[in-house]
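> this one's structure only:
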């Protein structure tokens with residue numbers, strides 16, 4: 001555990017951050033515990049310092065992802081464990097995640113359904129998990145869990161891709177999987193958070209979906225372009241066949257749809273080749 005830097009992004013979590021830091025420090029001898037105070041208006045920073053954490057303060061609120069990136073940059077341990085500041089995560093689970101980093105590059109604390117907050121949140125997460133599983137061809141039981149441990153050098157590799165908002169877990173999970181790193185989802189039970197969630201289901205859910213598509217088009221474009229190309233080709237070919245049978249000629253619309261399918265496929269093929277160049281050669 002002495003090679004693990006714990007990073008805790010925190011915004012107005014004064015009521016819970018002291019207990020979170022104290023419980024983590026009591027659970028194991030970590031290399032360091034870093035709390036990134038993301039421009040809080042309460043006593044988050046003071047409480048974290050009093051509990052024994054190293055506190056880095058943003059001068060204003062930049063977002064959860066920005067706080068995570070600051071913590072990763074400042075971490076000096078070989079491994080990084082990211083923990084939410086709201087008290088949901090158990091210190092015993094933290095040790096369990098870190099213990100598997102000898103075999104895996106990223107270990108995600110996958111929340112069991114019963115421990116996730118509301119029915120609407122469960123439904124939204126389930127939809128994102130299904131879409132991500134299709135796009136990556138791997139089963140993803142929890143795409144949005146912020147509780148994760150990883151090799152710092154791997155996190156740094158994707159730091160430029162991480163958004164400043166609440167989609168950092170989504171981006172890191174997909175980036176690691178599409179880059180060929182070993183990812184494990186470790187089942188955990190999440191506790192009830194202190195205070196109210198800062199994630200807005202509607203707007204942040206839509207943002208999660210857009211980030212998901214963005215990362216997949218970066219790492220595996222054909223999983224997006226090929227289905228679109230097939231849809232356009234089938235529509236154009238089917239319409240052409242129907243007009244031949246009913247009107248004895250092919251319309252411009254069907255020709256344009258078929259040409260569109262070819263263009264989409266070629267763009268996807270070029271994008272796939274560009275994507276593959278990102279990961280040629282040894283990892284550095």
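Thanks, I have it. Bear in mind the structure is a predicted one, so any value in this text is a computation, not a measurement.
> all contacts plus neighbour counts: C-alpha atoms, from now on.
Fine.
> hang on, isn't residue 190 packed against residue 110?
No: using Cα atoms under 8 Å, residue 190 makes no contact with residue 110, being 9.0 Å away.
> ok, the residue nearest to residue 161 when sequence neighbours are not counted - how many residues close by?
Leaving out its chain neighbours, the residue that sits closest to residue 161 by Cα to Cα, 6 or more residues apart in numbering is residue 171, at 7.3 Å. Residue 171: 24 surrounding residues under other Cα atoms under 10 Å.
> quick one: contacts of stretch 177-186?
Contact with stretch 177-186 is made by 97, 103-110, 136, 140-142, 173, 176, 216, 219-220, 279, as judged by Cα atoms under 8 Å, 6 or more residues apart in numbering.
> do that again at 6 Å, thanks
Contacts with stretch 177-186, where a contact means Cα atoms under 6 Å, 6 or more residues apart in numbering, come from 104-110, 219.
> Next, the buried residues of stretch 28-36.
Residues of stretch 28-36 classed as buried: 30-36 (neighbour count, 16 or more other Cα atoms under 10 Å).
> so what's the backbone phi/psi at residue 186?
Backbone geometry at residue 186, expressed as degrees, to the nearest 10, gives phi -100, psi 120.
> which element is the nearest residue to it once chain neighbours are set aside on?
Excluding the flanking residues, the one nearest residue 186 by Cα to Cα, 6+ apart is residue 109, at 5.0 Å. Secondary structure here is read from DSSP states H and E; on that basis residue 109 sits in strand 106-111.
> Strand partners (parallel or antiparallel) of that strand?
Sheet partners assigned to strand 106-111 using DSSP bridges are listed as strand 148-151 (antiparallel), strand 183-188 (parallel).
> what about residue 102, neighbour count?
Other residues near residue 102 come to 8 when the count uses other Cα under 10 Å.
> Name the SS class of it, please.
coil (DSSP: H, G, I helix; E, B strand; the rest coil).
> And the helices in the chain?
With DSSP state H as the criterion, the chain has helices at 17-27, 44-51, 64-74, 91-98, 119-136, 152-157, 168-178, 201-219, 222-247, 252-277.
> Let me have those in JSON lines, extended by distance to residue 3 and mean pLDDT.
Below are those laid out as JSON lines (distance: least, Cα to Cα, whole Å; pLDDT from 0 to 100):
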{"stretch": "helix 17-27", "distance to residue 3": "14", "mean pLDDT": "94"}
{"stretch": "helix 44-51", "distance to residue 3": "20", "mean pLDDT": "96"}
{"stretch": "helix 64-74", "distance to residue 3": "14", "mean pLDDT": "95"}
{"stretch": "helix 91-98", "distance to residue 3": "10", "mean pLDDT": "90"}
{"stretch": "helix 119-136", "distance to residue 3": "31", "mean pLDDT": "74"}
{"stretch": "helix 152-157", "distance to residue 3": "10", "mean pLDDT": "93"}
{"stretch": "helix 168-178", "distance to residue 3": "21", "mean pLDDT": "86"}
{"stretch": "helix 201-219", "distance to residue 3": "30", "mean pLDDT": "65"}
{"stretch": "helix 222-247", "distance to residue 3": "38", "mean pLDDT": "92"}
{"stretch": "helix 252-277", "distance to residue 3": "32", "mean pLDDT": "90"}
